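S.K.: what's the 3D shape of this:
(chains A and B)
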There are 2 protein chains.
Amino acid sequence: MAKKKPLILVTNDDGVTAPGIRALISVMKQLGDVVVVAPDSPQSATGHAITINNTLHINKIYIDPDIDQEYSCSGTPVDCVKFAVNEILHRKPDLCVSGVNHGSNSSINVIYSGTMSAAVEAGIEGIPAIGFSLLDYNWNADFEPAKPFIKKIAQQVLEHGLPEGVVLNVNLPKRAEKDIKGIKVCRQAKAMWTEKFDKRTNPMGKDYYWLSGKFVNLDKGEDTDEWALAEGYISVVPVQFDLTAHHAIQTINGWDMK
Amino acid sequence: MAKKKPLILVTNDDGVTAPGIRALISVMKQLGDVVVVAPDSPQSATGHAITINNTLHINKIYIDPDIDQEYSCSGTPVDCVKFAVNEILHRKPDLCVSGVNHGSNSSINVIYSGTMSAAVEAGIEGIPAIGFSLLDYNWNADFEPAKPFIKKIAQQVLEHGLPEGVVLNVNLPKRAEKDIKGIKVCRQAKAMWTEKFDKRTNPMGKDYYWLSGKFVNLDKGEDTDEWALAEGYISVVPVQFDLTAHHAIQTINGWDMK
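M.R.: Numbering: from 1, shown residues only, chains lettered A, B, ... in the order given. Here you go, the predicted structure:
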């Protein structure tokens, strides 16, 4: 008896027309029935924001003739997942994939990333989920070398599921397929951004700023995503959304808080 | 020799004029030199969003005659912390406090919360940080009963510091001071929101939606923040921003990803 085709929800943060999500859709079509709900405009660096003080507008769109259900949403990537699960899909999807992001979401970037927040939201709702990002910010980035690896990782998640409370953060180096050394399961490198604020003056003489930072890797470990990517591997970091620092509970219990 | 007064950065997500941040400022003035950088408008549920596709506007404001440096910022809570640290403060603050939020940030709410994301951003930048939230969404909530506890917890953090990579998520029950049973160090309860999308039609006949969810606690543990708050305790959850699910690395390494 033929196994039921998996139901796969696809979203991103660069917007529904971004080449990255179109590449991801083309791979997911090989693995199951695809439903797309993605932002109608770029939503990079929106983190886990949701739209509670504004209205949401959702439109059925027609981009890929193979896909019956494709929607654009005026909200954030997390809004897209919530709307898909609660208003569009008739059953819980077997997989949610987000991306492919134009640019890295390795290390601390996971926390700012709309791409990864969509995957995390799916995880909170009990759906196996993966965020994919390519280390190339260009709109015309070449997603072809990434495709076989994306397919392999998605197949493994469809086959094995994911441990409870865990989603995957997958980053792909900007390399030709033959130069990608393989897939490494990693931890998130300790890193941060040092920010510069570019101060300018508007035509009315009033100051304003642009945020513009520099990524600083503080971690020399060879088990991190930053190390793997620099060496030419694809990094896979299991990400959790129980943020409790369990190891710190005992220390803080020792304080005088009577 | 008198010890140098601590430098304390105060921010929030409800906006710089919210009663919650004014209450927090009034307590922090007792403990050190206070600098305020907070959003110029409500930024609830913005998570760890940052402003990279728009300009930022910062204004010096004058609300509290005791405070020389108070600023409103057009960006998110995380933008406020970044701007304060990089453009306003001449040294790293000894403490960053965010809140007091009008409404709970317990359990999974930590991940959507602008209040907590500001604290997390400070933590990423190596600053001991605490987010405070009161379980009362009203603008006219009574913050008086919370004040002695906020002071005590902030004093303990100033005295002991925090373990590396850890910030505190403090939630306060809506109770009279005498009815607050004490302070409990907890883990984040496993919970989620089941969403309803309230569908409406605009005057032009076009549908739109409001997100409106219901919080569902899936956790019966008596060591969680939800349990502590329901029992009348203040919950303190140590929160980390290394999101790696270290326990899952071995499982995923067992997959066939050659």
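S.K.: what about A:Ala176, neighbour count?
M.R.: 9 (other C-beta atoms under 10 Å in any protein chain shown). Every C-beta, even on glycine, is put in place using the N, C-alpha and C of the backbone.
S.K.: Quick check: it touching A:Pro145?
M.R.: Yes: under the criterion of C-beta atoms under 8 Å, A:Ala176 makes contact with A:Pro145 at 5.6 Å.
S.K.: Quick check: bridge partners of the nearest residue to A:Ile58 once chain neighbours are set aside?
M.R.: Nearest non-adjacent residue to A:Ile58, counting by C-beta to C-beta, 6 or more residues apart in numbering or on different chains: A:Cys73, 5.1 Å away. For A:Cys73, the beta-bridge partners are A:Pro39, A:Ile58 (DSSP bridges).
S.K.: Please name the residues that touch A:Cys73.
M.R.: A:37-40, A:56-58, A:79-80, A:83 (C-beta atoms under 8 Å, 6 or more residues apart in numbering or on different chains).
S.K.: Let's see the pLDDT reported for it.
M.R.: A:Cys73 is assigned 97 on the pLDDT scale.
S.K.: Roughly how far does it sit from A:Phe83?
M.R.: 6 Å (C-beta to C-beta, to the nearest Å).
S.K.: A:Arg200 too?
M.R.: A:Arg200 is 37 Å from A:Phe83, by C-beta to C-beta.
S.K.: between the two, which one's more packed in?
M.R.: A:Phe83 (23 against 11).
S.K.: Thought A:His57 was touching that one, still the case?
M.R.: No: A:Phe83 is not in contact with A:His57 according to C-beta under 8 Å; the separation is 10.6 Å.
S.K.: Now for the two: what residues contact both?
M.R.: What both A:Phe83 and A:His57 touch, as defined by C-beta under 8 Å, 6+ apart, is the set A:73, B:209.
S.K.: Which parts of chain A are strands?
M.R.: Using DSSP state E, the strands of chain A run over A:7-11, A:33-39, A:58-60, A:69-73, A:95-102, A:129-134, A:166-172, A:182-185, A:191-201, A:207-217, A:233-240.
S.K.: Redo those strands as JSON lines? Include distance to B:Met116.
M.R.: Shown next, in JSON lines, are the strands of chain A (distance: least, C-beta to C-beta, whole Å):
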{"stretch": "strand A:7-11", "distance to B:Met116": "24"}
{"stretch": "strand A:33-39", "distance to B:Met116": "24"}
{"stretch": "strand A:58-60", "distance to B:Met116": "28"}
{"stretch": "strand A:69-73", "distance to B:Met116": "25"}
{"stretch": "strand A:95-102", "distance to B:Met116": "22"}
{"stretch": "strand A:129-134", "distance to B:Met116": "21"}
{"stretch": "strand A:166-172", "distance to B:Met116": "20"}
{"stretch": "strand A:182-185", "distance to B:Met116": "28"}
{"stretch": "strand A:191-201", "distance to B:Met116": "18"}
{"stretch": "strand A:207-217", "distance to B:Met116": "20"}
{"stretch": "strand A:233-240", "distance to B:Met116": "16"}
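S.K.: Nearest to B:Leu158, out of these?
M.R.: The minimum distance between B:Leu158 and those falls on strand A:191-201, with 22.7 Å, by C-beta to C-beta.
S.K.: strands paired with that closest one, and their directions?
M.R.: Applying DSSP bridges, one finds strand A:191-201 paired with strand A:207-217 (antiparallel).
S.K.: Buried residues in the strand it pairs with, which are they?
M.R.: A:208-209, A:211, A:217 (16 or more other C-beta atoms under 10 Å in any protein chain shown).
S.K.: Name the nearest of the residues you listed relative to A:Val27.
M.R.: A:Asn217 (29.6 Å).
S.K.: Confirm for me that that closest one is in contact with A:Asp225.
M.R.: No: if you go by C-beta under 8 Å, A:Asn217 and A:Asp225 don't touch, sitting 10.0 Å apart.
S.K.: list the residues that contact both of these two?
M.R.: In contact with both A:Asn217 and A:Asp225: A:107, A:189, using C-beta under 8 Å, 6+ apart.
S.K.: Local confidence estimate at A:Ala2?
M.R.: 57.
S.K.: Over to A:Asp207?
M.R.: 94.
S.K.: List the contacts of it.
M.R.: By C-beta under 8 Å, 6+ apart, the contact list for A:Asp207 reads A:199-201, B:58.
S.K.: Quick check: phi and psi at the residue lying closest to A:His247 once chain neighbours are set aside.
M.R.: In space, and not counting its chain neighbours, A:His247 is closest to B:Pro163: 7.5 Å by C-beta to C-beta, 6+ apart. B:Pro163 adopts backbone torsions of phi -60, psi 150, taken as degrees, to the nearest 10.
S.K.: Give me the distance between B:Pro163 and B:Asn169.
M.R.: For B:Pro163, the distance to B:Asn169 - C-beta to C-beta - is 14 Å.
S.K.: When the two are compared, which one has more neighbours?
M.R.: Neighbours per residue (other C-beta under 10 Å) separate B:Pro163 from B:Asn169, with B:Asn169 holding more: 30 against 15.
S.K.: I'd assumed B:Gly123 was in contact with that one.
M.R.: No: in terms of C-beta under 8 Å, B:Asn169 does not count as a neighbour of B:Gly123; the distance is 10.9 Å.
S.K.: confidence score at the residue nearest to A:His247?
M.R.: Reported pLDDT for B:Pro163: 97.
S.K.: go on, the one 4 residues further on?
M.R.: According to the model's per-residue confidence, B:Val167 sits at a pLDDT of 98.
S.K.: which residues pair with it across the strands?
M.R.: B:Val239.
S.K.: Over to A:Tyr233?
M.R.: A:Gly182.
S.K.: thinking again about what came up before, what about the residue nearest to A:Ile58, distance to A:Ile50?
M.R.: 12 Å.
S.K.: Show me the common contact partners of these two, please.
M.R.: With C-beta under 8 Å, 6+ apart, A:Cys73 and A:Ile50 have common neighbours A:Asp79.
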